[in-house]
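Chemist: what's the 3D shape of this:
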Amino acid sequence: MLCAIYKTRRKEGMYLYVPGKNAFGDVPEILMEKFGTPELVMLISLDKRPQLAGVSKADLEVALKEKGFYLQMPPKAEDMLAAHRTELGLTPHVDEKR
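Modeler: You can find the predicted model right below:
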């Protein structure tokens, strides 16, 4: 199965996978509006890849077959302030009570 991977300039680490170059027919219009202008990152053959970075190959194949696209969200950013407050023995967030 051929897969095209696109990135967006609107959110670092967000990628849209579709089953071929410019195959956006099954991607909801609202998602395309929020994603912005897709920038092609690469075309890959899933059959020749034993694994992928950042996404489960099995989940990707199922999503492409059932929905016609897969949206990879960026990893959740660590809350450095909360971690620091916890290390100091404080509540993670200022507005929380003990």
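Chemist: which of the residues in stretch 6-24 are buried?
Modeler: Tyr6, Lys7, Thr8, Met14, Tyr15, Leu16, Tyr17, Val18, Pro19, Ala23, Phe24 (16 or more other Cβ atoms under 10 Å). In short, each C-beta sits where N, CA and C put it, glycine included.
Chemist: in strands, which of those fall?
Modeler: Counting by DSSP state E, the buried residues of stretch 6-24 place Tyr6, Lys7, Tyr15, Leu16, Tyr17, Val18 in strands.
Chemist: what is the most widely separated pair among these?
Modeler: Greatest spacing in these, by Cβ to Cβ: Lys7 and Val18 (12.5 Å).
Chemist: mind listing what's buried in the lowest-mean-pLDDT helix or strand in the chain?
Modeler: The helix or strand of the chain with the poorest confidence is helix 80-87; it has a mean of 84 (mean pLDDT, DSSP states H and E). Neighbour-count burial for helix 80-87 flags Arg85 (criterion: 16+ other Cβ under 10 Å).
Chemist: show me where this protein has helices.
Modeler: Secondary structure of the chain (DSSP state H): helices at 29-35, 57-66, 80-87.
Chemist: only alpha carbons, please: show the first one as PDB.
Modeler: What follows is the C-alpha trace of helix 29-35 in PDB, where atoms were taken according to Å, rounded to 0.1, in the frame of the first residue of the first chain:
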ATOM      1  CA  GLU A  29     -13.300  19.400   4.900                       C
ATOM      2  CA  ILE A  30     -13.100  20.900   8.500                       C
ATOM      3  CA  LEU A  31      -9.900  19.000   9.100                       C
ATOM      4  CA  MET A  32      -8.400  20.200   5.900                       C
ATOM      5  CA  GLU A  33      -9.300  23.800   6.800                       C
ATOM      6  CA  LYS A  34      -7.600  23.400  10.300                       C
ATOM      7  CA  PHE A  35      -4.600  21.600   8.800                       C
END
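Chemist: okay, buried residues for it please.
Modeler: Applying 16+ other Cβ under 10 Å to helix 29-35 flags Phe35 as buried.
Chemist: cool, thanks, signing off.
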